[in-house]
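**Q** 3D, please:
(4 chains)
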There are 2 protein chains.
Amino acid sequence: MSLTTTPPLADMATDTAADTGSQHIRDTLRDAIVERRLAPGTKLSESDVGELFNVSRTLVRAALQALSYEGLVSVEKNRGAFVAHPSIDEARQIFATRRLIEPGVVRAAAPHIGKAELAELRRMLAAERQLTEQRGHSARRAEIKASGDFHLALADLSRNAILRRFMDELIARSSLVIALYGQSTVSSCGHNEHDEIVNALERGDVDTAAKLMVHHIDHIEADLDLRVHKSTDLKAALEL
Amino acid sequence: MSLTTTPPLADMATDTAADTGSQHIRDTLRDAIVERRLAPGTKLSESDVGELFNVSRTLVRAALQALSYEGLVSVEKNRGAFVAHPSIDEARQIFATRRLIEPGVVRAAAPHIGKAELAELRRMLAAERQLTEQRGHSARRAEIKASGDFHLALADLSRNAILRRFMDELIARSSLVIALYGQSTVSSCGHNEHDEIVNALERGDVDTAAKLMVHHIDHIEADLDLRVHKSTDLKAALEL
DNA sequence: TTTCCTTAAATCGTACCCGATTTAAGGACG
DNA sequence: CGTCCTTAAATCGGGTACGATTTAAGGAAA
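**A** Numbers count the residues shown, from 1 in each chain, chains lettered A, B, ... in the order given. Prediction:
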């Protein structure tokens, strides 16, 4: 658990934000979950987490509740909190929602994309591609995050805070789903579909960009194994 | 405050739900906010609320944090929680997001609408219309809720829990926005646009239904006064 | 040895408490 | 008479404590 070794990660810029303390815990835990350092189903004991962060259960509870609302952890009454373990059905719903929302995100973002924004997107793509070529676990995790960050960058450009929050949740939960049901060793967001989307945006072809986004999401979902294991109860228990 | 007089409202069916206690507080507060019994900007003191529910501040804090995450209350560090007071900009974002999502909700719901579901929708519309014809504050509040419930019923029919949650938040916040910026005494969801949407759905014309939904949202937003008051700071202070 | 029951450990739910911060009040000074 | 400063009240942030619930362990009976 490298969580303990995260001392001065800087909680700067907590200007308009929330209650300082739990914020840090929440963010750290979320990163750990999204980057798959914490496997789905892992128990997040309030006392344990509190010890890791050197805080009381009070703050941990607040953080866990927030993460629960984001769908990243599931709290079971009198049993504790666990890293979420989305069902096949939830996985489908997540991607259905993304297919519904993300084309709109692209359309909403398009008008706000100028030279500077385009450059920033390109920079992200370059970093992403570089990670794809690297080997090793940490590179893989970084790639997952980078891939999601692209989608979130687009959401940012929509200048719509609510949309951005929705996307935040969808991307985070997608990461969990991919961790659970992803099969191909291929990068989560394959090929260079991101590039093509940016290309379309650059030449002002918003319709195509939106269409490409839908296809892109289709491809991500297609890379998953969402077949229902009939022996769910039995087999699932054995797998964990 | 009829809040106190809510003793055995039954917290039944807390099967898969959350932490019993704060859940009840959260729901009660949310209803009060959505139905405009609590005006935007109203301070929600932890001690006061706790006294009303006969619980400690601990539970109240949890409830307020949850509502904060839903955007219904805003908590300011070291100052307390207040019923959210969405800015003009937020209001626009909320409706922009609804325009983006709700047509998709209609499309997602359509395949699941059979005879029974249609009847249920019609039943809701009838109840809504009946409220429209009544006079008085309580009828007005009930109408607001009923109007939102229609949109939520559609979200339910999409059989997509995530989408449903997003809609939950959007509808709740819309209610706040209408409370703040609504001008016409006309019902929040005017005329019988809801009926037309259902009609389109009944004859299987999903495209039209989706289009009608967008127009419907446009109309709701058009009924608002979203002009920026240049004297925001001064005037807003006087209005409350 | 397997099953069931009893008992102990661990963990959660929630009340209570204290230090820190904000807000309001009251006076002194200009 | 209005501004600024000091001081007290109210309120929040976060920690600790205790009862309740769950889970695991150990032993008795079949």
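**Q** if we look at stretch A:82-100, which residues are touching it?
**A** A:33, A:38-44, A:71-76, A:170, A:173-174, A:176-177, A:180-181, A:214, A:217-218, A:220-221, A:224, A:226-228, B:101, B:104, B:108, B:160-163, B:166 (Cβ atoms under 8 Å, 6 or more residues apart in numbering or on different chains). Just so you know, the C-beta spots here come from the backbone N, C-alpha and C atoms, and that holds for glycine as well.
**Q** Drop anything exposed from those residues.
**A** By neighbour count, with 16 or more other Cβ atoms under 10 Å in any protein chain shown, those hold A:33, A:38, A:40, A:42, A:44, A:71-75, A:170, A:173-174, A:176-177, A:180-181, A:217, A:220-221, A:224, B:101, B:104, B:108, B:160-163, B:166 as buried.
**Q** from those, which ones fall inside strands?
**A** A:44, A:73-75 (DSSP state E).
**Q** Which residues lie in contact with residue A:209 in this structure?
**A** Per Cβ under 8 Å, 6+ apart, neighbours of residue A:209: A:106, A:110, A:197, A:200-201.
**Q** Who wins on neighbours among these?
**A** residue A:106 (27 neighbours; other Cβ atoms under 10 Å in any protein chain shown).
**Q** so it, which of the three states?
**A** For residue A:106, the assignment made with DSSP: H, G, I helix; E, B strand; the rest coil gives helix.
**Q** so it makes contact with residue A:154?
**A** Yes: in this structure, residue A:106 is within contact of residue A:154 by Cβ atoms under 8 Å, at 6.4 Å.
**Q** Quick check: helices, which of the buried ones among the contacts of stretch A:82-100 are part of them?
**A** If you go by DSSP state H, those have A:33, A:170, A:173-174, A:176-177, A:180-181, A:217, A:220-221, B:101, B:104, B:108, B:161-163, B:166 in helices.
**Q** Out of these, which are close to DNA strand D?
**A** With the criterion set as Cβ under 7 Å from any atom of the strand, no member of those is near DNA strand D.
**Q** Show me how the record splits chain A into domains.
**A** By the record's domain assignment, chain A is partitioned as A:21-83, A:88-222 (automatic domain parsing).
**Q** Going by mean pLDDT, which of those domains comes out lowest?
**A** Confidence, taken as mean pLDDT, is least for domain A:88-222 of the domains of chain A (a mean of 93).
**Q** And that domain, how far out from the chain middle?
**A** 10 Å (Cα atoms, centre = their mean, to the nearest Å).
**Q** Over to stretch A:43-50?
**A** So, by Cα atoms, centre = their mean, the centroid of stretch A:43-50 is 22 Å from its chain's centroid.
**Q** Would you format the domains of chain A as a markdown table with distance to residue B:119 included?
**A** What follows is the domains of chain A, written out as a markdown table (distance: least, Cβ to Cβ, whole Å):
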| stretch | distance to residue B:119 |
| --- | --- |
| domain A:21-83 | 33 |
| domain A:88-222 | 26 |
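**Q** all helices for chain A, in order.
**A** Ranges of helices within chain A are A:21-34, A:46-53, A:57-70, A:88-109, A:115-133, A:137-157, A:161-181, A:193-202, A:206-222, A:232-239, based on DSSP H.
**Q** Which one of these lies nearest to residue B:25?
**A** helix A:57-70 (13.4 Å; Cβ to Cβ).
**Q** The closest one: which residues count as buried?
**A** Here helix A:57-70 shows A:59-70 as buried, counting by 16+ other Cβ under 10 Å.
**Q** Is there proximity between that helix and chain B?
**A** Yes: using Cβ under 8 Å from any Cβ of the partner chain, helix A:57-70 reaches chain B at A:61-62, A:65-66, A:68-69.
**Q** Relative to DNA strand D, which of those is nearest.
**A** residue A:62 (7.1 Å; Cβ to the nearest atom of the strand).
**Q** I figured the closest one hits residue B:65, correct?
**A** Yes: judged on Cβ under 8 Å, residue A:62 makes contact with residue B:65 at a distance of 6.3 Å.
**Q** rewinding a little: make a markdown table out of the helices of chain A and add distance to residue B:143.
**A** Below are these laid out as a markdown table (distance: least, Cβ to Cβ, whole Å):
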| stretch | distance to residue B:143 |
| --- | --- |
| helix A:21-34 | 38 |
| helix A:46-53 | 43 |
| helix A:57-70 | 29 |
| helix A:88-109 | 29 |
| helix A:115-133 | 43 |
| helix A:137-157 | 34 |
| helix A:161-181 | 25 |
| helix A:193-202 | 43 |
| helix A:206-222 | 37 |
| helix A:232-239 | 44 |
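**Q** can these go into CSV with extra columns for distance to DNA strand C?
**A** Formatted as CSV, the helices of chain A follow (distance: least, Cβ to the nearest atom of the strand, whole Å):
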stretch, distance to DNA strand C
helix A:21-34, 12
helix A:46-53, 4
helix A:57-70, 6
helix A:88-109, 22
helix A:115-133, 35
helix A:137-157, 26
helix A:161-181, 20
helix A:193-202, 39
helix A:206-222, 33
helix A:232-239, 17
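**Q** Looking at those helices, which is nearest to residue B:55?
**A** helix A:57-70 (15.5 Å).
**Q** could you say what helices and strands that closest one packs with?
**A** The elements that helix A:57-70 packs onto, with contact taken as 3 or more Cβ pairs under 8 Å, 6 or more residues apart in numbering or on different chains; DSSP states H and E, are helix A:21-34, helix A:46-53, strand A:73-76, strand A:80-83, helix A:161-181, helix B:57-70.
**Q** if we go to 7 Å?
**A** Here helix A:57-70 touches helix A:21-34, helix A:46-53, strand A:73-76, helix B:57-70, going by 3 or more Cβ pairs under 7 Å, 6 or more residues apart in numbering or on different chains; DSSP states H and E.
**Q** In CSV, list the ones you listed along with distance to residue B:28.
**A** As requested, the helices and strands packed on helix A:57-70 are arranged in CSV below (distance: least, Cβ to Cβ, whole Å):
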stretch, distance to residue B:28
helix A:21-34, 24
helix A:46-53, 26
strand A:73-76, 21
helix B:57-70, 9
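**Q** For residue A:124, give me its contacts.
**A** A:149-150, A:153 (Cβ atoms under 7 Å, 6 or more residues apart in numbering or on different chains).
**Q** Leaving aside the residues adjacent along the chain, what's closest to residue A:174?
**A** residue A:94 (5.9 Å; Cβ to Cβ, 6 or more residues apart in numbering or on different chains).
**Q** What separation do you get for the one you found and residue A:61?
**A** 26 Å (Cβ to Cβ, to the nearest Å).
**Q** Endpoints of stretch A:49-64, how far apart?
**A** 10 Å (Cα to Cα, to the nearest Å).
**Q** near DNA strand D at all, it?
**A** Yes: using Cβ under 7 Å from any atom of the strand, stretch A:49-64 reaches DNA strand D at A:55-59.
**Q** Excluding chain neighbours, give the residue nearest to the spatially most central residue of chain A in space.
**A** Residue closest to the mean C-alpha point of chain A, counted by Cα atoms, centre = their mean, is residue A:172 at 2.4 Å. Of all residues not flanking residue A:172 in the chain, residue A:34 sits nearest, at 5.2 Å (Cβ to Cβ, 6+ apart).
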